[in-house]
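1. Show me the folded form of this:
(2 chains)
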Amino acid sequence: MTTRRQFIVRLGAFGIALAGLASTGRGARAGDAATAFIDTLGGQAISTLADKSVTDAERESRFRALFLSAFDVETIGQFVLGRYRRSATPEQIAEFNRLYAEDVVRTYSRRLSQYAGEKLVTLGSQQQDGEIVVRSQIQSPSGQKPVAVDWRLSETSGSYKIVDVVIENLSMRSAQREDFASVMSAGGVDALLAGLRKKNPAS
Amino acid sequence: MEQTGDSGKALAIVRGGRSRFGRLVAAGMTLLLIAGAMGGCATKPPASDVEARAEYDKRNDPIEPLNRYFFEVNRFLDYMLLKHFAEIYKSVVPDPVQTGLRNFLNNLESPVILANDLLQGDFGRAKVTTARFIANTIVGVGGVYDFASHIGYPRHTEDFGQTLASWGVGEGPYLVLPLLGPRPPRDLVGVGVDLALNPINWALMAADAEEIGYGLKAADIIDSRAHNGGAIEEVEASSIDFYAAIRNLYRQQRQAAIENRDSGTADMSQAAPR
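-> Now for the predicted structure:
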């Protein structure tokens, strides 16, 4: 049972992963631009969450804008489509991009909504496989074991975008690629589009 | 002499009852297996479709329909039983008691973790496990308090599946079993060996008190479900094919565990009475 429990514990990171973006230690250890990017993003997420003067609808649209600017939705989309991308029609690709952007927004809004006072502490960055990895820890106020989150970033002319979130050694884009591949190997790209529509109604 | 005879008889009755229960479980499992076997095997793409074949090989899930069947059986059992037990446990049992129970159960695992630390030749971690076991058993009142985390010995886990991996044994094809969940052959062997490595199991067997072992296991399962169920529900909410997402995450998690890629920090919320 150890294995299963440990597995589940690691997945426990899920609920608070982006929630922990809520950062107060902005720039505390940020010795580089990539780390500062994650710190700033965390600061923006927490201030949006904490701002009681905005309506729920307004907050939702702010998160939408924040996520769409922070995540490289197109690159992640290409990765998770994998080999099926080449056999897809331009219309299917366009529809996928639209649905996938919505999916990213909703997934991370849901995770952020579980925020309960966690702190994001960045631990610096390093180059790895052509990407920049910003290591961070999400510390809970009750002293639970910190959750390790690695933010994998792409860089284009000095500006950064998130291409993967690795929570306690679990790569989200890797899991999603296998998830989507399984759907597409059974029913093609249309099955994936239908699945995304069903998962995020009215999108 | 009379008394010995009586207790022998009582034991025989208990034994009889247990084996009847065992037979029932076995019969149930057989039925499940037969039902599942009718699901058959995954269709292998033709060798001409190189990409599809490569994906199939990487997936390494030749009896996928059967695995999916057991995956759904487990979800159903969770939905019908475990989830409710976990909810009741979480709402009825006071938090400090839950923490104490978790620490107690973790401490009981120490001999197995130590054995696997040693079998992997990791003497540094074996020392930590030994220090933890001694500190928590004595100062931590039989393991109820995780004193060792306070003095710089954070907990880690090891199991024989990981030991086999460190010896170069591959995981084998993906396998989902009723009640056990994802257990590819290497990890399934690991579960069996870990059971045999645990002196507590032998002690309980010698004392003819296996019921205590079942009770501990049940407590372990319910406590785990109570504290970590939300994470699994999040995976379910964020995936389209829940089964495929879990298959990927299981393998990622095992790989990280094998490479000991943990942060090495203690869970201080569990370490002390609140």
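
2. which parts of the helix or strand hosting residue B:102 are buried?
-> Per DSSP states H and E, residue B:102 falls inside helix B:95-108. For helix B:95-108, the buried set under the neighbour-count rule, 16 or more other Cβ atoms under 10 Å in any protein chain shown, comprises B:98, B:99, B:100, B:101, B:102, B:103, B:104, B:105, B:106, B:107, B:108. In short, each C-beta sits where N, CA and C put it, glycine included.

3. The next helix or strand after that helix to helix B:95-108, inter-axis angle?
-> Remark: after helix B:95-108, the chain's next helix or strand is helix B:110-119, criterion DSSP H and E. Going by axes from the mean of the first three to the mean of the last three Cα atoms, to 10 degrees, helix B:110-119 is angled at 40 degrees with respect to helix B:95-108.

4. Pull helix B:110-119 out as PDB, backbone CA atoms only.
-> Taking C-alpha atoms only, helix B:110-119 is exported to PDB below (Å, rounded to 0.1, in the frame of the first residue of the first chain):
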ATOM      1  CA  SER B 110      10.200   1.000   9.100                       C
ATOM      2  CA  PRO B 111      11.600  -2.600   9.100                       C
ATOM      3  CA  VAL B 112      10.500  -3.100   5.500                       C
ATOM      4  CA  ILE B 113      12.000   0.300   4.500                       C
ATOM      5  CA  LEU B 114      15.200  -0.500   6.300                       C
ATOM      6  CA  ALA B 115      15.500  -3.900   4.600                       C
ATOM      7  CA  ASN B 116      15.000  -2.300   1.200                       C
ATOM      8  CA  ASP B 117      17.500   0.500   2.000                       C
ATOM      9  CA  LEU B 118      20.000  -2.200   2.700                       C
ATOM     10  CA  LEU B 119      19.200  -4.400  -0.300                       C
END
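
5. Let me know the average pLDDT across it.
-> For helix B:110-119, mean pLDDT rounds to 97.

6. now do stretch B:63-71
-> Here the average pLDDT along stretch B:63-71 is 96.

7. Please compute how far that stretch lies from its chain's middle.
-> 19 Å (Cα atoms, centre = their mean, to the nearest Å).

8. quick one: buried residues of it?
-> Going by 16+ other Cβ under 10 Å, stretch B:63-71 has these buried residues: B:63, B:64, B:66, B:67, B:68, B:69, B:70, B:71.

9. Return the helix or strand in chain A with minimum mean pLDDT.
-> Scoring the helices and strands of chain A by mean pLDDT, DSSP states H and E places helix A:13-16 at the bottom, with a mean of 47.

10. Show me what secondary structure element comes after that helix.
-> helix A:33-50.

11. ok, back up a step: could you dump the buried residues of helix B:95-108 into JSON lines with distance to residue A:140 added?
-> Below are the buried residues of helix B:95-108 laid out as JSON lines (distance: Cβ to Cβ, whole Å):
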{"residue": "B:98", "distance to residue A:140": "16"}
{"residue": "B:99", "distance to residue A:140": "15"}
{"residue": "B:100", "distance to residue A:140": "20"}
{"residue": "B:101", "distance to residue A:140": "21"}
{"residue": "B:102", "distance to residue A:140": "16"}
{"residue": "B:103", "distance to residue A:140": "18"}
{"residue": "B:104", "distance to residue A:140": "23"}
{"residue": "B:105", "distance to residue A:140": "22"}
{"residue": "B:106", "distance to residue A:140": "19"}
{"residue": "B:107", "distance to residue A:140": "23"}
{"residue": "B:108", "distance to residue A:140": "26"}
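
12. Tell me the bridge partners for the spatially most central residue of chain A.
-> In chain A, the centroid-proximal residue (Cα atoms, centre = their mean) is residue A:165; its distance is 5.3 Å. With DSSP bridges as the criterion, residue A:165 is bridged to residue A:151.

13. That one contacts residue A:149, correct?
-> Yes - checked against Cβ atoms under 8 Å, the pair residue A:165 and residue A:149 is within contact range at 6.6 Å.

14. Give me the mean pLDDT for the helix ranked longest in chain A.
-> In chain A, assigned by DSSP state H, the helix with the most residues is helix A:172-199. Averaged across helix A:172-199, the pLDDT comes to 96.

15. in that helix, what's buried?
-> Buried residues in helix A:172-199 (16+ other Cβ under 10 Å): A:172-185, A:189, A:191-193, A:195-196, A:199.

16. where does chain A dip in pLDDT?
-> Within chain A, the stretches with pLDDT under 70 are A:1-31, A:203.

17. now the helix or strand residue A:63 falls within against helix A:33-50, angle please.
-> Residue A:63 is part of helix A:56-70 when elements are defined by DSSP H and E. With the same axes, to 10 degrees defining the directions, helix A:56-70 sits at 170 degrees from helix A:33-50.

18. ok, then the element right after helix A:56-70?
-> helix A:73-81.

19. right, quick check: that following helix against chain B, any contact?
-> No - applying Cβ under 8 Å from any Cβ of the partner chain, one finds helix A:73-81 out of contact with chain B, separated by at least 10.7 Å.

20. Tell me how many other residues surround residue B:79.
-> Using other Cβ atoms under 10 Å in any protein chain shown, residue B:79 has 10 neighbouring residues.

21. The strand or helix carrying residue B:228 and chain A in contact?
-> Taking DSSP H and E as the definition, one finds residue B:228 inside helix B:210-238. Yes - using Cβ under 8 Å from any Cβ, helix B:210-238 reaches chain A at B:217, B:220-221, B:224, B:227-232, B:234-235, B:237-238.

22. by how many degrees do that helix and helix A:172-199 diverge?
-> 70 degrees.

23. Report all helices and strands that the helix or strand following helix B:210-238 contacts.
-> Once the chain leaves helix B:210-238, the next helix or strand it forms, by DSSP H and E, is helix B:242-258. For helix B:242-258, the contact count by 3 or more Cβ pairs under 8 Å, 6 or more residues apart in numbering or on different chains; DSSP states H and E identifies helix A:2-11, strand A:170-171, helix A:172-199, helix B:64-77, helix B:160-166, strand B:181-182, helix B:210-238 as packing neighbours.

24. would you turn these into CSV with distance to residue A:88?
-> Formatted as CSV, the helices and strands packed on helix B:242-258 follow (distance: least, Cβ to Cβ, whole Å):
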stretch, distance to residue A:88
helix A:2-11, 31
strand A:170-171, 23
helix A:172-199, 5
helix B:64-77, 24
helix B:160-166, 37
strand B:181-182, 31
helix B:210-238, 22
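
25. For residue A:115, which of these is the nearest?
-> Of all those, helix B:210-238 sits nearest to residue A:115, with 13.7 Å by Cβ to Cβ.

26. What is that closest one packed up against?
-> helix A:2-11, helix A:13-16, helix A:90-112, helix B:83-92, helix B:95-108, helix B:199-206, helix B:242-258.
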